[in-house]
Each structure stands twice: as C-alpha cells, then as structure tokens.
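1. Fold the following for me, if possible:
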Amino acid sequence: MARSKTKSFQTETKQLLQLMIHSLYSNKEIFLRELVSNSSDALDKLRFNAIEDNKLLEGDAELKININLNSQNNTVTISDNGIGMTEEEIIENIGTIAKSGTAQFLSEMTGDKKKDSNLIGQFGVGFYSVFMVAEKVSVHSRSALAKAEDAVMWESSGEDTYQLSNIPKEDRGTKITIHLNEDNKEFSELMRVKFLLQKYSQYINFPLILNPEEGESETINDSEAIWLKSKRSVKDDEYKEFYKFISYDSNDPLKWIHNKVEGKQEYSSLLFIPEKSPYDLWNRDTPRGIKLFIQRVFIMDDAAHFLPLYLRFIKGVVDSSDLPLNVSREILQDHPLVDSIKKGLTKRVLDTLKKMQKDQPEDYQTFWKEFGLVIKEGPAEDYENAESIAELFLFASTANDGSNVETTLDQYIERMNADDEKIYYSIADTYEAAANSPHIEHLKANDTEVLILTDRIDEWLMTTLMQYKGKSLINIAKEELDESAKKPRVTKEKQEVIDKMKKSLDSRVSDVIPSSRLVDSAACLVLSKDEPGAQLKRILEASGQTFEESKPVFEVNLKHKLIKKLSSMSGKEFTNFSQFLFDYAVIAEGGSPKDPAKYLRQLDKYLG
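-> Numbers count the residues shown, from 1 in each chain. Next comes the predicted model:
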C-alpha cells in the first residue's frame, strides 16, 4: 500500500481555493477549457524537449489528450501523455502556486466578485477553477524523466490540506480525475461536455479524444485551425466556407486578410471584409468584434478591442501566443499587447482597402456602397490614421459631372494647378442641390473642381478632417472663395440699395455685401466659418444640442436683374421684395421659407 503524506496549502492558496469554491469565475464551464489547455501545454513542452532528447517519446510518440466520462460515478477524467510532473513540481505548481503571483493576486482583490474574477487569468491560477464544480480532485502524474514507481498522486477536496502519495503509473503524463459535486453533475454528460470541447478547444493542436461510458470514442478537433496554416496551403473555397461558418453570412466574403506576426509579440489573424453590410450595422448596442483565441484556445466572441469602431463590419479571428489565457474584456481594455495588435490589424485592413481601390476598382465600388458611411466615421475616432482613412473616400465631383464615376481626394489634387492650396466642396441633401448651389457658380465659371457631398455625415466629417495632405478643405457656403478675386465695383447708388436691404433684413442677416462668387443667381446666404451648416445642425440637434437662429451674411449679385429691380422700389415694396429675395436664397440652400404661403403670393405677384 502506498504511503500517503498530508501537507498544508500555502496561506494565500487557502484563500484562493475558497474564492474558487464560491464561484469567483462567472462561468463555471471554463474549468474544462483550463484543464484541456494545461494538458496541451504539457504536450507542447514534451515535444519541445524531445527535439534534444528523442528518447522522451519512446514507446508513446502519438501525443494526445483523452476525456473520459462516467455519469454513474459523476466523474470526468482528463489525461495526457505529455511532460508530466515530479513530486517537487506538483508541490511547486499546485501545492504553493508560488510562480503564479498569488500574493499579488490577493492584494488586488476588491471584494467585487465580477471584477475579481478578471484577475485570475493574469496570475495563471486557472487550475483552481476546477474546485467550483468538484468535491474532490485527484492528479496522478509521472514525469517523462522518471520511472513508473516514481509517479505521484496529489489529492484535495479544496480545504486546508492536500495529500501526496507515490503510486506507480505505467505511462508518462498526467491524469486529472474530477469528482463532481451534486450541483454540477451536468459536466459528466456526453452532449454537454462535447459541446464545451467544440466551443473552447476545437483548435487545440493535439488530438482531443472524447470517450463516453458507452459507444465509440470520438476525436473532437479533427480540423486544423485555418488561420494557423500557411496561406499557400489554404484554398479559396476553404476561406469562403470558414467565413460563412463564423459570420452566419450566406454570401461569399469580398476579401480576406490572412497574416502571421512573429518577433517580440506573436499572433495570427484571419480577417474578412463582407460583401454586404449586416442589417444591424447601425445598431450601436449590437455585439461586434472578432473571435479571440489564445494558443488555439477559444476565449471569446465579439472581442471589440482589436479593431476600431469604424471597422466594426470586419469578421474574423485573432490568435495570440502572448495574452493570458483567462483574459477578460476588462483586462483587454488596458492590456498593452491589445493596443499593439489593434494598430497592426487596423493598418493591415486599411492597406488592403487601398490596394483594392487601386487594383480592383469594381470590388472597391461594391465595398464603398455598403460601408463607405462607416469608414467616414474614421477620422474622428482614429486621429492617428485620419489621412490614411481619407485616402479611401469617394466623392461625386463637378469634374465627373453627369457620370456615376466618383473621385478620391488624391485624384482631385492631381487635377489641381500646382499653386492651388484649397479643396472645395459643396454640401446639400441631394446631388442636384449641391451641384447647382449658387455658391458654386464662380468656381464653375473658372473651371475649378468642387466635390459634391450629400451624406448626412459629410459636414461633420470635413469639419473633423479640416485638411488633407497640406490642402485646406473649404466649404463653399462658408468662406470667401478667393481673397484675390476681383471685387465687384460698387457705385454710390448701388451702395445705397445694399444699405437699405441691410436695414430691411436686419433681424435675419448679419450683413449684406456685394458678391464676387455669384454668376447666374441673384443672392445667396453665407455662414461664418464657425457656424454649423444645416446637415451638422441636424446631427447636433439629434444629440440634444440647441442653437439660436443663425444670422448669415446675405451676398447679392449686383449684375442680376432682380437686384437691379430694387433700385426702382421704396418703402414697404422695397422691404417685401428684399425679404422675398432672402426666401429665394433660403430655398436655393435647400431650406424652406418661414411663411411659404406668403412667398408664393409674392412669387405670383412678381411673375404677373
């Protein structure tokens, strides 16, 4: 009979065991993932050591993990033929967990179970999660360097002590037997365990064999993780099928990005750009993000910390070798590795989109139609990449008037004169309103290109961006277009008309001035540089902001017949016609007169 000795747990370990038993983990099922991952690590260590000493594999070279279920006895057994442990290693790794930083772990406890559970992964104490479901645990291990008679049995019920005994074990490796408590018998049921193994451990790099009480054994992870394969070995159809599997999208992806990073940090990623936008793209409460694996072990869906929000349509997988296995969403938020991976993935997506824009313009048009509005959120969210994101933008332009061809900011710059420093844009609710805006007339007359912007987000976007590659972005409704432009000649008689108009419109305008921008129209409204336009006002008002009624500058075309007509008017007739012209300008801006009926009566009168 093997002689047994009883040892006391380290003080900190006792405290930790109590936390485990009282469900510090928010999700009990994680214990299975932890133990399978530990077995995988033991197999990895053996394989690595066998490079220098191949005798370690003698007699049992087929590395694997077995899960045995016994629902009658309420036990789950997890065994591997990995590196195994000596008695000293068991005491070090399980009896004291000194290397796990337990003292620091406990010093950071707050008493908030939800927050405390997030610390577990940081200190490598995942083995102890088994005591959430077990009334007793046995660990039977034999080091690959030891003889059968030197194997060790460790047992504990998670209280103050554990027992150690020398019990022979014919094969190397570790076998963990979990005696489930009354509340957790479900974890000995075949379908429950099979589901959990497929969910968390499908891509473990060794055969994971499930052995039920009755029936045949089954290898759970019969497919290699596609993102860990070399790009050359993966067929297009395999990428497409994997995308459909993880995204629940019946369409093929538009593009995929497969990459492996090595060096100071190691991770593999496989990202997909969908062909169609999901129905919930604009629901900000929808879970989004990519699937996170750590060393082939599934950690979480919707890991949103690895890509910025404006790339929320990207689907895929990232698999890190350096993050702690039990990393939580809260830990991800502050982990320096996450920020580094995020920067790397973001750059790779943006570079891929730029290449698609250049080499596959038709595919890029498909992408832009579906996701262009989301990409336009980028400069405000990701200042570091603002200019790189702006390279992706497509706009309608007066240079492509009448065609469906859109232009980039770079193409606009290529068409500019060498000494031009401004990129002009016109904003309205429709293409026709922006392209035929009175503000654009002077530029059109001089063959100066103007971008036509009609998306609701556009004014906010351009206000955020402000410039692109050294060129200022100019809203044609807000600024004097060209300080060197020839100013209209104003006679004394015309100045009197301007002064009278200003008096008549005093409550509605900040000033009345002769215009150098108007060619065909009689008048237009010009906002100050700091005044939000109609688009931006609607966005800000939707967020709860309020604005006083703005008083724009009223520019008049002194050569226009309607302005000339004012010279022959006086008194109430002059005032009414001035206000008619103001409403005329409001309509040209895409707005509505305060009193449409009055405006129509005046129109009838002046046309009569």
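
2. report the longest helix in the protein, please.
-> helix 336-359 (DSSP state H).

3. where exactly do the helices run in the stretch 251-400 of the chain?
-> Per DSSP state H, counting those that start in this stretch, the stretch 251-400 of the chain carries helices over the ranges 329-334, 336-359, 361-375, 378-381, 386-390.

4. Nearest to residue 144, out of these?
-> For the helices of the stretch 251-400 of the chain, proximity to residue 144 was assessed by Cβ to Cβ; helix 336-359 is nearest, at 31.7 Å. C-beta: built from backbone N, CA, C; applies to glycine.

5. so what does the closest one touch, helix or strand wise?
-> For helix 336-359, the helices and strands in contact under the criterion 3 or more Cβ pairs under 8 Å, 6 or more residues apart in numbering; DSSP states H and E are strand 255-261, strand 267-273, strand 315-320, helix 361-375, helix 386-390.

6. Can I get the last one in CSV? Just the C-alpha atoms.
-> Below are the C-alpha coordinates for helix 386-390, written out as CSV (Å, rounded to 0.1, in the frame of the first residue of the first chain):
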residue,chain,number,x,y,z
ALA,A,386,-7.0,60.1,-40.3
GLU,A,387,-5.2,60.9,-43.5
SER,A,388,-4.8,57.2,-44.4
ILE,A,389,-8.5,56.7,-43.9
ALA,A,390,-9.3,59.8,-46.0
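
7. on that earlier part again, need the residues that contact the longest helix of the chain.
-> With Cβ atoms under 8 Å, 6 or more residues apart in numbering as the test, helix 336-359 has contacts from 255, 257, 259, 261, 265, 267, 269, 271, 273, 305-308, 311, 314, 318, 320, 322-323, 332, 363-364, 367, 382, 385, 388-389, 391-392, 408.

8. quick one: low-confidence parts of the stretch 351-500 of the chain?
-> Residue ranges of the stretch 351-500 of the chain with pLDDT under 70: 401-403, 479-486.

9. picking that back up, got the buried residues for the longest helix of the chain?
-> 337-338, 341-342, 344-346, 348-350, 352-353, 356-357 (16 or more other Cβ atoms under 10 Å).

10. likewise stretch 225-240?
-> Per 16+ other Cβ under 10 Å, stretch 225-240 contains these buried residues: 225, 226, 227, 234, 239.

11. Make a markdown table out of those residues and add pLDDT.
-> As requested, those are arranged in a markdown table below (pLDDT from 0 to 100):
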| residue | pLDDT |
| --- | --- |
| 225 | 87 |
| 226 | 91 |
| 227 | 93 |
| 234 | 93 |
| 239 | 94 |
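
12. Just the residues you listed: which are in helices?
-> residue 239.

13. can you put the buried residues of stretch 225-240 in TSV and add distance to residue 517?
-> Listed next are those as TSV, based on distance: Cβ to Cβ, whole Å:
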residue	distance to residue 517
225	61
226	58
227	56
234	57
239	53
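
14. Residue 494: which of the buried residues of stretch 225-240 is nearest?
-> residue 239 (69.9 Å).

15. so what are the domain limits for the protein?
-> 4-219, 226-366, 393-475, 492-532+542-607 (automatic domain parsing).

16. Beyond the helix or strand bottoming out on mean pLDDT in the chain, next helix or strand please.
-> Within the chain, no helix or strand scores below helix 113-117, which has a mean of 43 by mean pLDDT, DSSP states H and E. Heading C-terminal from helix 113-117, the first helix or strand you meet, by DSSP states H and E, is strand 134-142.

17. So for the helix or strand that comes right after that following strand, mean pLDDT?
-> Counting by DSSP H and E, the next helix or strand C-terminal to strand 134-142 is strand 152-156. Mean per-residue pLDDT for strand 152-156: 94.

18. Strand 152-156 pairs with which strands, parallel or anti?
-> strand 134-142 (antiparallel), strand 161-166 (antiparallel) (DSSP bridges).
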